[in-house]
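In: Quick one, fold the following:
(chains A, B, C and D)
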There are 2 protein chains.
Amino acid sequence: MNNELRLKEKYFVEEVGLFFEQSGMPRMAGRILGWLLLSDPPHQSLDELAEALMASKGSISTTTRLLIQVGLIERISLPGVRRDYFRIRPGAFQHSLKQGVERVTILRKLAERGLELLEGKAPLTRQGLEEMRDMYVFFEREYPALLERWEQRRREKQATSEITR
Amino acid sequence: MNNELRLKEKYFVEEVGLFFEQSGMPRMAGRILGWLLLSDPPHQSLDELAEALMASKGSISTTTRLLIQVGLIERISLPGVRRDYFRIRPGAFQHSLKQGVERVTILRKLAERGLELLEGKAPLTRQGLEEMRDMYVFFEREYPALLERWEQRRREKQATSEITR
DNA sequence: TTGTATATTTTGTCAACACTGAATATACTG
DNA sequence: CAGTATATTCAGTGTTGACAAAATATACAA
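Out: I've put the predicted structure just below:
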């Protein structure tokens, strides 16, 4: 009964791990995030993480630093308690989508640099890079607007819940 | 003079390679794509790629297969010519953005699975996953709509250029 | 069929990297 | 200050994966 739930939690954690790995991050980063999403309370110490994930403290220490650096978790310390805790950073996922915007910018710039190299070439030769540039120019503008719309909606929801409270 | 251009092309190719590597793909995949973006004509044979990128044919063969599989390039064969050629697939970048939608879906589903595991828990505990789910539900709907708008615009542009022609 | 051009698969090597466990550093408590 | 709890760093290990080079397969031509 309780064991079954535990097992499902482990599966969940492993799957988040696999997703992260597929995204070019250490699998352990995904495991930590997955576990922090489930854990009650939502903040967990280094030792707790190490035990829950059956990993070494060194590994957790390194990977939490990475996760903090990319803005997905944060370190919190409670007054009078030596131990540090980690928790999902509020707005973590929004933050990660925002980083996608930067990737779009990189690609737009790459396309432009490529076109400079093809200065004076036949339109058919330039076509691929032009398509690429046009597309990323479009998304570089529209994607942040979409994020803005989400934040807007979120703020409204927040306000509603505060009234209800 | 011409040499300088060649050098800049190499830099460009390497940078696309690095970008791909950072995205969890083999660097060679990025190099091939980068080179195909610049090359005149836009289609290149396996041998040509191997020579231009100073890589083994085996490496090119494996990596082109990968690139075809993810939909970024395609193989073309000309009648009466033994050699096969590769070129950027028209709409390649659009296609790659579409794959982003699938990733959003995966994350939305993961969030929902996580919430099932937290059935009956305190709202504060569920909060992180609820934020995650709400957000990806939003983007799962809006992101394809954005892509649709781009395709729309693209079709218009296409039509214009055909009139001009 | 034999020979030739082309493509794929395979085997081996090397480098990168996540991870562990131990050693070290840091910070708090009495 | 000594002692203890906690966190970080470091050295070593194993695995993974990209890549090269060679062997094999496939398709075409004479």
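In: What ranges does chain A have for its helices?
Out: A:2-22, A:27-38, A:46-52, A:57-69, A:92-117, A:123-164 (DSSP state H).
In: Other residues contacting the third one?
Out: Identification of contacts with helix A:46-52 by C-beta atoms under 8 Å, 6 or more residues apart in numbering or on different chains yields A:32, A:35, A:39, A:44, A:55-57, A:59-61, A:64, A:83-84, A:86. Every residue, glycine included, has its C-beta placed from N, CA and C.
In: rewinding a little: of the helices of chain A, which stretch is the most buried?
Out: helix A:27-38 (a mean of 24; mean count of other C-beta atoms under 10 Å in any protein chain shown).
In: how about that one as CSV, C-alpha atoms only?
Out: This file holds the C-alpha atoms of helix A:27-38, laid out as CSV (Å, rounded to 0.1, in the frame of the first residue of the first chain):
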residue,chain,number,x,y,z
ARG,A,27,20.5,12.7,-14.7
MET,A,28,21.0,13.4,-11.1
ALA,A,29,19.8,17.0,-11.6
GLY,A,30,16.5,15.7,-12.8
ARG,A,31,16.2,13.2,-10.0
ILE,A,32,16.8,16.0,-7.5
LEU,A,33,14.2,18.2,-9.1
GLY,A,34,11.7,15.3,-9.3
TRP,A,35,12.1,14.5,-5.7
LEU,A,36,11.8,18.1,-4.6
LEU,A,37,8.5,18.3,-6.6
LEU,A,38,7.1,15.4,-4.6
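In: Is DNA strand D within reach of that helix?
Out: No - in terms of C-beta under 7 Å from any atom of the strand, no part of helix A:27-38 sits within range of DNA strand D; the closest distance is 10.0 Å.
In: Next, see if that helix gets close to chain B.
Out: Yes - interface with chain B: helix A:27-38 contributes A:Gly34, A:Leu36, A:Leu37, A:Leu38 (C-beta under 8 Å from any C-beta of the partner chain).
In: And stretch A:17-25, by the same measure?
Out: Yes - judged by C-beta under 8 Å from any C-beta, stretch A:17-25 comes into contact with chain B at A:Phe19, A:Gln22, A:Ser23, A:Gly24.
In: Return the per-residue confidence for A:Ser23.
Out: Note for A:Ser23: predicted pLDDT of 86.
In: centroid residue for chain A?
Out: By C-alpha atoms, centre = their mean, chain A has its centre lying nearest to A:Ser96, at 3.8 Å.
In: Once you drop chain neighbours, what's closest to that one?
Out: A:Leu72 (6.6 Å; C-beta to C-beta, 6 or more residues apart in numbering or on different chains).
In: Check A:Phe19 too.
Out: A:Gly30 (5.8 Å).
In: quick one, what contacts that neighbour?
Out: Contacts of A:Gly30 by C-beta under 8 Å, 6+ apart are A:Val16, A:Gly17, A:Leu18, A:Phe19, A:Phe20, A:Glu21.
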